[in-house]
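In: Have a look at this fold, sequence not included:
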């Protein structure tokens, strides 16, 4: 596949926006998790924590992809 700087920039820009959304969702889930824990719904809070871990893992992969795209 030929190198296309414009495509790499556009892809990195879109991934950056998705990463910002990922962080916003993580923050919202964290707030809900805190509320759940404080209100005795620990089993649901645990599930929310697992979701946050997934967001963190995927955010790392998205960040790595953005960096690779911006290096070209």
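Out: On my side now, so go ahead. Remember, predicted model here, so these are calculated numbers, not experimental data.
In: could you measure the residue nearest to the spatial centre of the chain against residue 28, distance?
Out: When C-alpha atoms, centre = their mean is applied to the chain, the residue found nearest the centroid is residue 22 (3.2 Å). Distance, residue 22 to residue 28, by C-beta to C-beta, to the nearest Å: 11 Å. All C-beta atoms are positioned from the backbone trio N, CA, C, and that covers glycine.
In: Okay, now the unreliable bits of the chain?
Out: Residues of the chain meeting the criterion pLDDT under 70: 1-3.
In: show me where it has helices.
Out: 5-38, 42-70 (DSSP state H).
In: Can you list the buried residues in the last one?
Out: It refers to helix 42-70. 45, 48, 52, 55, 59, 66, 69 (16 or more other C-beta atoms under 10 Å).
In: Output the contacting helices and strands for that helix.
Out: helix 5-38 (3 or more C-beta pairs under 8 Å, 6 or more residues apart in numbering; DSSP states H and E).
In: Now do the helix it packs on against helix 42-70: the angle between them, please.
Out: Angle of helix 5-38 versus helix 42-70, following axes from the mean of the first three to the mean of the last three C-alpha atoms, to 10 degrees, is 160 degrees.
In: what would the buried residues of helix 42-70 look like in CSV with distance to residue 32?
Out: Shown next, in CSV, are these (distance: C-beta to C-beta, whole Å):
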residue, distance to residue 32
45, 8
48, 6
52, 10
55, 13
59, 18
66, 27
69, 32
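In: OK, contacts around the nearest residue to residue 70 once chain neighbours are set aside?
Out: Excluding the flanking residues, the one nearest residue 70 by C-beta to C-beta, 6 or more residues apart in numbering is residue 12, at 5.1 Å. Residue 12 makes contact with 65-66, 69-70, according to C-beta atoms under 8 Å, 6 or more residues apart in numbering.
In: Kindly recompute the last result at 6 Å.
Out: 66, 69-70 (C-beta atoms under 6 Å, 6 or more residues apart in numbering).
In: can you check residue 51 too?
Out: residue 29.
In: what's the spacing between it and residue 45?
Out: Residue 51 is 11 Å from residue 45, by C-beta to C-beta.
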